[in-house]
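Undergrad: With the sequence up front, the predicted model follows.
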Amino acid sequence: HNETTISITVVGASGDLARKKIFPALFALFYEDWLPEHFTVFGYARSKLTDEELRNMISGTLTCRIDKSENCGDKMEQFLQRCFYHSGQYNSEDDFAELDKKLKLKEEGRKPNRLFYLSIPPNVFVDVVRCASRHASSPTGWTRVIVEKPFGRDSDSSAELTRCLKQYLSEDQIFRIDHYLGKELVENLSVLRFSNLVFEPLWSRQYIRNVQLIFSEDFGTEGRGGYFDSYGIIRDIMQNHLLQILALFAMETPVSLDAEDIRNEKVKVLRSMRKLQLDDVVIGQYKGHTKGGKSFPGYTDDPTVPKNSLTPTFAAAALFIDNVRWDGVPFLMKAGKALHTRRAEIRVQFRHVPGNLYKRTFGTDLDKTTNELVIRVQPNEAIYLKINNKIPGLSMRLDRSNLNLLYSSRYPIEIPDAYERLLLDAIEGERRLFIRSDELDAAWAIFTPVLKELDTDKVAPELYPYGSRGPVGAHYLAAKYNVRWGDIG
Ligand code: BG6
């Protein structure tokens with residue numbers, strides 16, 4: 001009979017990402033009835049675990065978002081009964097052939113679709129893809145593979161990875177994930193821009209003075225130093241998460257909402273970007289700091305990080321799009337670990353009102369009177385617009401107020417995790433939020449030259465204390481373009 005079933009294999013099942021994000025996201029989808037009726041989840045990793053041990057390992061991280069009633073416990077049990085484990089090496093064709101046998105048993109003669117999530121270090125991507133495609137791909141249905149960054153370290157290594165993957169998979173089988181694209185407010189960017197007349201006409205150099213993309217975390221690389229040290233913050237956050245947001249923010253109107261139409265526009269705008277210049281980058285690295293009797297370790301205190309590491313844990317950059325819409329508008333990015341707060345946001349600073357009648361009322365600091373649109377991706381999702389407003393009363397005094405769309409008050413529901421959106425899309429074959437290979441090439445082209453220069457010139461990062469606002473150099477960079485960071489004062 002022609003009923004279908006889906007087998008989802010999480011390769012690297014005992015890793016952090018799998019336990020914290022992927023299994024919980026799969027459960028959330030199951031819990032809310034988004035998964036097809038027939039599905040099986042397999043964990044694949046090198047450790048020898050039984051099915052029961054896998055279930056125990058993941059059950060602690062599954063949560064019931066909506067109701068915490070007994071129903072939840074039942075659902076969890078039902079989900080766990082569909083989870084299995086297969087232990088194998090990442091480069092063993094035999095082990096994947098064994099996996100295939102187990103998958104077939106669970107598929108019970110239905111037409112199988114197979115999804116592999118590679119939650120593994122990049123040095124085994126190609127091995128797994130080779131073994132899985134040769135021995136465990138679906139005989140009659142589709143086979144898709146989700147891969148997560150790092151996609152190489154620069155243009156050449158990324159192109160090489162793509163070339164290797166394409167020996168075994170076609171482009172439409174590869175789902176390159178950037179989990180920021182699955183965040184609610186990032187997905188909403190296109191809605192905001194293209195379905196609101198009040199924004200669309202303002203979206204250009206004519207009215208926008210600068211755009212800021214800000215990412216900060218209030219914790220260091222704790223425990224991930226080994227990975228982080230060979231990548232650094234520019235590759236970890238800017239070249240992917242922030243650049244993806246920039247592309248959605250700045251692209252031209254797509255012909256339709258189809259994945260290819262959207263990705264064509266993203267590629268176009270990325271290709272219009274100037275390569276990042278060394279003097280438009282500031283890098284920093286956090287150092288140990290004691291605050292309130294508590295001491296916080298510096299980046300190089302991590303035993304997995306070399307003592308003399310120059311890897312940046314903070315960077316600020318000024319980027320430019322040389323096209324008709326954005327000519328001369330600085331797109332400032334700032335990303336850092338171990339800063340004073342955890343936040344990701346987009347800030348759009350508009351130009352001054354020409355001949356403002358109220359200039360005198362405001363005094364001379366015009367910067368304090370310009371409109372600013374803030375899209376707070378996380379935490380506490382919000383979209384707000386700073387406007388000038390009269391303070392009620394008999395005198396004419398103005399201040400800057402917020403038109404505020406706070407998600408928690410307008411939409412009192414739990415916002416799904418990015419991985420839920422993205423896993424569901426991969427299951428449904430929706431590619432809109434995944435990175436196409438030409439997009440990846442264009443993204444690397446912007447950052448590769450400067451990354452090489454930072455390496456060869458051994459540029460030393462400016463040290464900043466753990467928990468601070470980051471290196472002061474970021475302010476000089478903004479000032480060079482007559483900009484102030486909107487998130488500070
Ligand atoms: C990952 C980075 O891609 O994103 C991490 O590798 C970072 O360094 C993380 O901490 C942040 O994601 P989120 O969703 O917690 O903001």
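TA: The structure has been received and is ready for your questions. Residues are numbered from 1 along each chain as shown.
Undergrad: which one is the residue of the stretch 1-150 of the chain found nearest the ligand nearest to, not counting chain neighbours?
TA: Closest contact between the stretch 1-150 of the chain and the ligand, by CB to the nearest ligand atom, is at residue 149 (6.6 Å). Using the backbone N, CA and C atoms, a C-beta is placed for each residue, glycine as well. Of all residues not flanking residue 149 in the chain, residue 240 sits nearest, at 5.6 Å (CB to CB, 6 or more residues apart in numbering).
Undergrad: wouldn't that neighbour be in contact with residue 176 here?
TA: No: using CB atoms under 8 Å, residue 240 makes no contact with residue 176, being 9.4 Å away.
Undergrad: Between those two, which contacts overlap?
TA: Taking CB atoms under 8 Å, 6 or more residues apart in numbering as the contact rule, residue 240 and residue 176 both touch 149, 435.
Undergrad: Show me which of these two is the more surrounded one.
TA: Set residue 240 next to residue 176 and count neighbours by other CB atoms under 10 Å: residue 240 wins out with 26 against 21.
Undergrad: could you give the mean pLDDT of stretch 45-59?
TA: For stretch 45-59, the mean per-residue pLDDT is 96.
Undergrad: Residue of the stretch 201-350 of the chain nearest the ligand, please.
TA: residue 236 (4.7 Å).
Undergrad: in what helix or strand does the closest residue to that residue other than its chain neighbours lie?
TA: Spatial nearest neighbour of residue 236, excluding adjacent residues (CB to CB, 6+ apart): residue 228 at 6.6 Å. Per DSSP states H and E: residue 228 is located in helix 225-229.
Undergrad: how about the helices of the stretch 151-300 of the chain, start to end?
TA: Under the criterion DSSP state H, counting those that start in this stretch, the stretch 151-300 of the chain contains helices at 155-165, 184-194, 225-229, 232-233, 243-250, 259-271.
Undergrad: Please identify the residues of this structure in proximity to the ligand?
TA: Selection of the chain residues close to the ligand by CB under 6 Å from any ligand atom yields 179, 217, 236, 344.
Undergrad: Output the residues you listed in CSV; the columns should cover distance to residue 280.
TA: Shown next, in CSV, are the residues of the chain next to the ligand (distance: CB to CB, whole Å):
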residue, distance to residue 280
179, 27
217, 23
236, 19
344, 21
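Undergrad: Just give me the closest of the residues you listed to residue 306.
TA: residue 236 (17.3 Å; CB to CB).
Undergrad: Could you tell me the per-residue confidence at that closest one?
TA: Residue 236 is given a pLDDT of 97.
Undergrad: was I right about it contacting residue 229?
TA: No: applying CB under 8 Å, one finds residue 236 not in contact with residue 229, separated by 10.7 Å.
Undergrad: the more surrounded of these two?
TA: residue 236 (23 against 19).
Undergrad: Would you confirm that residue 42 belongs to a strand?
TA: Yes: counting by DSSP: H, G, I helix; E, B strand; the rest coil, residue 42 falls inside a strand.
Undergrad: Alright, I will stop here.
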